[in-house]
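# Fold the following, please.
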Amino acid sequence: MEKRVKIGILDDYQGVSQALADWSLVARKCSIESFREPIDSSDLQERLERFEIISAMRERTQFPRELLKKLPNLRLLVTTGMRNSAIDLEAATDLGILVCGTRSVAHSTVELTWALILSLLRSIPLENSEIRMGRWQTTIGQTLKGKTLGVLGLGRLGTEVARIGQAFGMSVISWSQHLNVEHAQKSGVQAVSRETLFRDADVLTIHLVLSERTLGLVGMNDLSQMKPSAFLVNTSRGPIVKKNALVKALRENMIRGAGLDVFDEEPISISDPLVNLSNTILTPHLGYVSEDGYRVFFGDTVENILAYLDSNPLRILNEDVLGKMKPKW
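Residues are numbered from 1 along each chain as shown. Model prediction:
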């Protein structure tokens, strides 16, 4: 009897990975185990060492060299999306572990960004809570038309967020360390200095990739230049903003509020100061968490696994691994 390939699906919080894609062909050749709860880092080796194939959801689980070296059976690591800073690609290549990615949908994060912006300006979570307690109209909302949207990072997501801001009648300004001024102009966005971005934005939204260059990019000097009436929204990565500076700015009402989908540590602790501030709206890294997005993620994951089993891998993130001994092709 042919030995069945073992597959582990990590961080399947909602338990939907096998319902949102057709795994039937994979199931004929493999045994599949799904993990709904995060695995403690100290238990990862013991829990994962039996798997030949692992499916990882974004950066929820870290795969440093030290862990990869302790997974002798691992041959294929599939990450949702085509970029995952939690995986040591160089180590995977050295160890002969194939890493493949999936396509993704951009509009999911863009839409959540605007959900946070509108929730902040119209105090939707608070009013929802108040009406259930018998209180009626306890806040006065802000409108978007005529205000200034500041976009930190005008890539694919930032450009889409800017376009929607324009549809609301907002003026849109942008800055980043390598802003494409020509692209900004074509998108109807005014390229400005860093100081102007933070000083003039009524809503400042962050759309940057986390890297050594952007780690801690937004600090107290930036936040202190913002209007006391301004809001900050971050659906990119928590560490782009210095947490202590943001907490101070919110506590001291240097800015009016913040909508945050991402945090330095995830899941965020209930004792975290950001959780206990009254001028924050928080979501649990939902930017990419949509049914449409998950169908793409898991559909491509299935394709990647079948292609691997057929010795014809797809969407390879570490091409150099193909010359290594460990994979069987």
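# Residue 197 - how many residues pack around it?
24 (other Cβ atoms under 10 Å). From N, CA and C alone the C-beta is placed, and that goes for glycine too.
# swap that for residue 129, please
Other residues close to residue 129 by other Cβ under 10 Å number 12.
# May I ask you to confirm that it belongs to a helix?
Yes: Residue 129 forms part of a helix when assessed by DSSP: H, G, I helix; E, B strand; the rest coil.
# Retrieve the pLDDT associated with it.
In this model, residue 129 is scored at 97, pLDDT.
# Show me what the longest helix out of those in the chain is packed against.
When the chain is parsed with DSSP state H, its longest helix is helix 291-309. Helix 291-309 sits against helix 24-29, strand 53-56, strand 76-79, strand 98-100, with contacts defined as 3 or more Cβ pairs under 8 Å, 6 or more residues apart in numbering; DSSP states H and E.
# gap between residue 212 and residue 92?
Distance of residue 212 to residue 92, computed by Cβ to Cβ, to the nearest Å: 20 Å.
# before we move on, what about residue 143?
49 Å.
# and if you look at residue 8?
Distance of residue 8 to residue 92, given as Cβ to Cβ: 16 Å.
# now swap in residue 138 and tell me
Taking Cβ to Cβ, one finds residue 138 at 53 Å from residue 92.
# neighbour count winner among those two?
residue 92 (22 against 12).
# quick one: contacts for the more buried one?
63, 68, 77, 98, 99, 318, 321 (Cβ atoms under 8 Å, 6 or more residues apart in numbering).
# Residue 6 - how many residues pack around it?
Neighbours of residue 6 (other Cβ under 10 Å): 16.
# before we move on, what SS does it have?
strand.
# Report pLDDT for the nearest residue to residue 294 once chain neighbours are set aside.
Leaving aside its chain neighbours, residue 294 sits nearest to residue 20 (4.9 Å; criterion: Cβ to Cβ, 6 or more residues apart in numbering). Residue 20 carries a pLDDT value of 98.
# before we move on, what about the one 10 residues further on?
According to the prediction, residue 30 has pLDDT 97.
# so it touches residue 305, yeah?
Yes: here residue 30 reaches residue 305: they are 7.5 Å apart, a contact under Cβ atoms under 8 Å.
# The two: which is more packed in?
For the pair residue 30 and residue 305, the greater number of neighbours falls to residue 305 (25 against 19), based on other Cβ under 10 Å.
# dump the residue contacts of that one.
Contacts of residue 305 (Cβ under 8 Å, 6+ apart): 7, 26, 30, 53, 55, 76, 78.
# So for the closest residue to residue 30 other than its chain neighbours, what pLDDT did the model give?
Excluding its sequence neighbours, the residue lying closest to residue 30 (Cβ to Cβ, 6+ apart) is residue 5, at 4.3 Å. Model confidence at residue 5, given as pLDDT, is 97.
# Residue 325 too?
Looking at residue 325, the pLDDT reads 49.
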